[in-house]
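**Q** Everything below, folded, please.
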Amino acid sequence: MRIASWNPEEFAPEILSNCMERIEKAAIVVRDAARRKVPVWKGKLHGPYKKGKYAGERWTAREYGGLLKSIRVTKKKESYMDGGFGFRVANNMNVWIMCGNFLSFYAVQVEFGRGGWKGGAQPFLRPAFNESMAQIKTIIENG
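**A** Numbers count the residues shown, from 1 in each chain. A predicted model of the protein is given here:
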(Lines give C-alpha, C1' and ligand atoms only; values in the text may rest on other atoms or scores of the structure.)
Protein backbone atom coordinates (compact mmCIF):
# COMPACT_ATOMS: atom_id res chain seq x y z
CA MET A 1 0.00 0.00 0.00
CA ARG A 2 1.35 3.37 -0.97
CA ILE A 3 0.47 6.62 0.72
CA ALA A 4 0.45 9.33 -1.89
CA SER A 5 0.53 12.36 0.38
CA TRP A 6 0.96 11.87 4.09
CA ASN A 7 0.87 15.09 6.02
CA PRO A 8 2.33 14.68 9.54
CA GLU A 9 0.80 18.02 10.60
CA GLU A 10 -2.62 16.36 10.75
CA PHE A 11 -1.50 13.91 13.43
CA ALA A 12 0.97 16.07 15.36
CA PRO A 13 -1.46 17.35 18.04
CA GLU A 14 -2.65 13.81 18.76
CA ILE A 15 0.92 12.44 18.91
CA LEU A 16 2.10 15.27 21.15
CA SER A 17 -0.88 14.86 23.46
CA ASN A 18 -0.07 11.18 23.90
CA CYS A 19 3.60 11.97 24.51
CA MET A 20 2.77 14.62 27.11
CA GLU A 21 0.53 12.18 29.00
CA ARG A 22 3.42 9.70 29.17
CA ILE A 23 5.86 12.39 30.27
CA GLU A 24 3.48 13.45 33.04
CA LYS A 25 3.18 9.83 34.26
CA ALA A 26 6.98 9.59 34.32
CA ALA A 27 7.22 12.86 36.25
CA ILE A 28 4.81 11.51 38.87
CA VAL A 29 7.10 8.49 39.35
CA VAL A 30 10.08 10.80 39.94
CA ARG A 31 8.02 13.02 42.28
CA ASP A 32 7.06 10.02 44.42
CA ALA A 33 10.67 8.81 44.55
CA ALA A 34 11.85 12.29 45.57
CA ARG A 35 9.25 12.42 48.34
CA ARG A 36 10.67 9.18 49.73
CA LYS A 37 14.23 10.55 49.64
CA VAL A 38 13.81 14.15 50.84
CA PRO A 39 15.38 14.82 54.25
CA VAL A 40 12.81 15.97 56.80
CA TRP A 41 13.97 18.83 58.98
CA LYS A 42 14.38 17.68 62.57
CA GLY A 43 15.20 21.01 64.19
CA LYS A 44 13.12 22.98 66.62
CA LEU A 45 9.63 23.91 65.46
CA HIS A 46 8.60 27.51 65.85
CA GLY A 47 6.22 30.06 64.47
CA PRO A 48 7.30 33.28 62.80
CA TYR A 49 10.15 35.14 64.49
CA LYS A 50 8.97 37.47 67.26
CA LYS A 51 12.04 39.72 67.35
CA GLY A 52 14.63 41.00 64.93
CA LYS A 53 14.68 42.33 61.43
CA TYR A 54 12.19 39.79 60.06
CA ALA A 55 9.80 39.64 63.02
CA GLY A 56 6.32 38.49 62.06
CA GLU A 57 7.29 37.28 58.56
CA ARG A 58 5.52 34.01 57.65
CA TRP A 59 8.55 32.55 55.92
CA THR A 60 10.59 32.54 59.15
CA ALA A 61 8.37 29.82 60.66
CA ARG A 62 9.59 26.19 60.60
CA GLU A 63 7.44 23.09 60.41
CA TYR A 64 8.12 19.42 59.76
CA GLY A 65 7.65 18.25 56.20
CA GLY A 66 7.41 21.67 54.55
CA LEU A 67 9.89 20.71 51.84
CA LEU A 68 8.25 17.30 51.41
CA LYS A 69 4.84 18.89 50.83
CA SER A 70 6.27 21.28 48.25
CA ILE A 71 7.44 18.57 45.79
CA ARG A 72 4.95 18.61 42.95
CA VAL A 73 4.39 18.03 39.24
CA THR A 74 3.14 21.07 37.35
CA LYS A 75 2.22 21.75 33.76
CA LYS A 76 3.08 25.07 32.17
CA LYS A 77 1.31 26.09 29.02
CA GLU A 78 3.41 27.56 26.24
CA SER A 79 1.91 29.51 23.41
CA TYR A 80 3.97 27.72 20.74
CA MET A 81 6.40 24.82 20.64
CA ASP A 82 8.31 23.16 17.82
CA GLY A 83 6.42 19.99 16.87
CA GLY A 84 9.54 18.16 15.73
CA PHE A 85 8.62 18.06 12.03
CA GLY A 86 9.62 21.65 11.38
CA PHE A 87 6.27 23.20 12.27
CA ARG A 88 4.95 24.76 15.42
CA VAL A 89 2.08 23.42 17.53
CA ALA A 90 -0.02 25.82 19.57
CA ASN A 91 -0.85 25.33 23.28
CA ASN A 92 1.59 22.54 24.03
CA MET A 93 2.56 21.96 27.65
CA ASN A 94 5.79 21.57 29.57
CA VAL A 95 5.83 19.20 32.54
CA TRP A 96 7.98 20.26 35.50
CA ILE A 97 8.89 18.57 38.76
CA MET A 98 9.17 21.43 41.21
CA CYS A 99 10.32 21.66 44.79
CA GLY A 100 10.15 24.55 47.21
CA ASN A 101 7.81 27.48 47.61
CA PHE A 102 7.53 30.71 49.59
CA LEU A 103 7.57 28.88 52.93
CA SER A 104 10.16 26.24 52.01
CA PHE A 105 12.57 28.42 50.07
CA TYR A 106 15.61 26.32 51.04
CA ALA A 107 15.12 23.53 48.47
CA VAL A 108 18.17 24.59 46.45
CA GLN A 109 20.36 24.67 49.56
CA VAL A 110 19.27 21.17 50.57
CA GLU A 111 19.75 19.73 47.07
CA PHE A 112 23.08 21.39 46.25
CA GLY A 113 24.46 22.53 49.63
CA ARG A 114 24.94 26.14 48.51
CA GLY A 115 25.07 29.33 50.48
CA GLY A 116 27.05 28.05 53.46
CA TRP A 117 24.39 25.44 54.26
CA LYS A 118 25.55 23.85 57.51
CA GLY A 119 24.16 20.40 56.77
CA GLY A 120 25.94 20.16 53.43
CA ALA A 121 24.31 18.88 50.28
CA GLN A 122 21.61 16.27 50.80
CA PRO A 123 20.46 15.64 47.23
CA PHE A 124 17.08 14.01 46.80
CA LEU A 125 15.68 15.11 43.42
CA ARG A 126 18.60 14.08 41.19
CA PRO A 127 19.06 10.66 42.87
CA ALA A 128 15.28 10.07 42.61
CA PHE A 129 15.48 10.79 38.88
CA ASN A 130 18.46 8.47 38.43
CA GLU A 131 16.83 5.64 40.42
CA SER A 132 13.59 5.95 38.44
CA MET A 133 15.25 5.80 35.03
CA ALA A 134 14.12 2.22 34.24
CA GLN A 135 10.50 3.04 35.13
CA ILE A 136 10.68 6.27 33.11
CA LYS A 137 11.91 4.42 30.01
CA THR A 138 9.14 1.84 30.37
CA ILE A 139 6.46 4.53 30.69
CA ILE A 140 7.78 6.53 27.73
CA GLU A 141 8.04 3.44 25.49
CA ASN A 142 4.89 1.56 26.49
CA GLY A 143 2.58 4.12 28.01
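**Q** ok, now how distant is Gly100 from Tyr64?
**A** 16 Å (CB to CB, to the nearest Å). For glycine as for every other residue, the C-beta is placed from the backbone atoms N, C-alpha and C.
**Q** Looking only at neighbour counts, state which of those two leads.
**A** Using other CB atoms under 10 Å as the criterion, Gly100 and Tyr64 rank with Gly100 on top: 18 against 12.
**Q** shaky segments in the protein?
**A** 1-4, 6, 8, 12, 43, 77-93, 115, 117 (pLDDT under 70).
**Q** in it, which residue is closest to the centre?
**A** The centroid of the chain falls nearest to Ile97 when counting by CA atoms, centre = their mean (0.6 Å).
**Q** any residues touching the helix or strand hosting it, and which ones?
**A** Assigning secondary structure by DSSP states H and E places Ile97 in strand 93-98. Residues from elsewhere that reach strand 93-98 (CB atoms under 8 Å, 6 or more residues apart in numbering): 20, 23-24, 27, 30-31, 34, 70-78, 125.
**Q** That one pairs with which strands, and in what direction?
**A** With DSSP bridges as the test, strand 93-98 is paired with strand 72-77 (antiparallel).
**Q** Buried residues, the partner strand. List them.
**A** The neighbour-count check on strand 72-77 (16 or more other CB atoms under 10 Å) flags Val73 as buried.
**Q** can you give me how far that strand is from the chain middle?
**A** Strand 72-77 has its C-alpha centroid displaced from the chain centroid by 7 Å (CA atoms, centre = their mean, to the nearest Å).
**Q** next one: stretch 101-115
**A** 14 Å.
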